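Engineer: Okay, predicted coordinates and the sequence, questions at the end:
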Amino acid sequence: MATQTRRPQHPKAALTVAQRLKMVRLVVEDCWSVAAVAQRVQVDPKTVRNWRARYVAEDPAGLMDRCKPAPHQPPTALSGRRGAGFIAHRLDMSPSTVHKILNSAGVGRLDRGDRSTGPPPEPLRYQRDKPGELVHLDVKKLPAIPDGGGWRIHGKGNAGPRRNVGYRYVHSAIDDRTRLGYSEIHTNETGDTAAGF
């Protein structure tokens, strides 16, 4: 039998060699069922059984990638993961709407939301030791609402002549340690007003 040479691992492959080893150890050493491991790793149970058989026969060396000949016919099976276009067709919705919904849920890309890779790492957050040691300041500029209400009350075009009512500036401060916030509304954002705030 001809020896098979190792092919390079795709960097974004669903199962790397390390993941295969973890997967088969769950079955062989921790006595998990094939179905439970397949669900956790999000692969077909047949895949788990194949890798388990190679591990039992050849130890960890059996989990390495091997070259295989090209298929005689192109594969006809589709992936179990579906994108926005497929979902939109099924739900009779616009693909762009479905894509926005999937993105807002954090699963807009098919390579996201994979439980086997785990959640994204927690953000590294600094924090001061004493309250008041570091205070974050910000100013938000908002259009002012005229006396008697704006167009939402009177309707667009019915509020009479446009009056220049200007802007209001929301000055906010947040303490880094306690995360307590405080805000005030002022008529300008000049240095004197900010310092007074």
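Structural biologist: Arrived safely, thanks for sending. This structure is a prediction, so every number in the text was calculated from the model and none was measured.
Engineer: Where in the protein is the helix or strand with the lowest mean pLDDT?
Structural biologist: Sorting the helices and strands of the chain by mean pLDDT, DSSP states H and E puts helix 151-154 at the bottom, at a mean of 70.
Engineer: Alpha carbons of that helix, as CSV, please.
Structural biologist: What follows is helix 151-154, C-alpha atoms only, in CSV (Å, rounded to 0.1, in the frame of the first residue of the first chain):
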residue,chain,number,x,y,z
TRP,A,151,-42.9,68.5,14.6
ARG,A,152,-43.7,65.3,16.4
ILE,A,153,-46.5,67.2,18.2
HIS,A,154,-47.7,69.4,15.4
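Engineer: after that helix comes which helix or strand?
Structural biologist: Using DSSP states H and E, the helix or strand that follows helix 151-154 towards the C-terminus is strand 167-175.
Engineer: follow-up on the earlier one: identify each buried residue in the least confident helix or strand of the chain, please.
Structural biologist: When burial is assessed from 16 or more other CB atoms under 10 Å, helix 151-154 yields no buried residues. C-beta coordinates here come from the backbone N, C-alpha and C atoms, glycine included.
Engineer: From the chain's centroid, how far away is it?
Structural biologist: 39 Å (CA atoms, centre = their mean, to the nearest Å).
Engineer: what do you get for stretch 178-187?
Structural biologist: Here stretch 178-187 shows a centroid-to-chain-centroid distance of 31 Å under the convention CA atoms, centre = their mean.
Engineer: where does this protein have low pLDDT?
Structural biologist: Applying pLDDT under 70 to the chain picks out residues 1-14, 68-81, 110-121, 151, 157-163.
Engineer: mind listing the strands for it?
Structural biologist: Assigned strands in the chain, in chain order: 135-143, 167-175, 181-186 (criterion: DSSP state E).
Engineer: Can I get these in JSON lines including distance to residue 96?
Structural biologist: Formatted as JSON lines, those follow (distance: least, CB to CB, whole Å):
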{"stretch": "strand 135-143", "distance to residue 96": "30"}
{"stretch": "strand 167-175", "distance to residue 96": "34"}
{"stretch": "strand 181-186", "distance to residue 96": "36"}
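Engineer: would you list the ones you listed in a markdown table and tack on distance to residue 125 and mean neighbour count?
Structural biologist: Shown next, in a markdown table, are the strands of the chain (distance: least, CB to CB, whole Å; neighbours: other CB atoms under 10 Å):
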| stretch | distance to residue 125 | mean neighbour count |
| --- | --- | --- |
| strand 135-143 | 13 | 11 |
| strand 167-175 | 14 | 15 |
| strand 181-186 | 17 | 12 |
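Engineer: circling back: who does the least confident helix or strand of the chain touch, helix- and strand-wise?
Structural biologist: Applying 3 or more CB pairs under 8 Å, 6 or more residues apart in numbering; DSSP states H and E, we find helix 151-154 packed against no helix or strand.
Engineer: Centre-most residue in this structure?
Structural biologist: Taking CA atoms, centre = their mean, the centroid of the chain lies closest to residue 106, which sits 3.9 Å from it.
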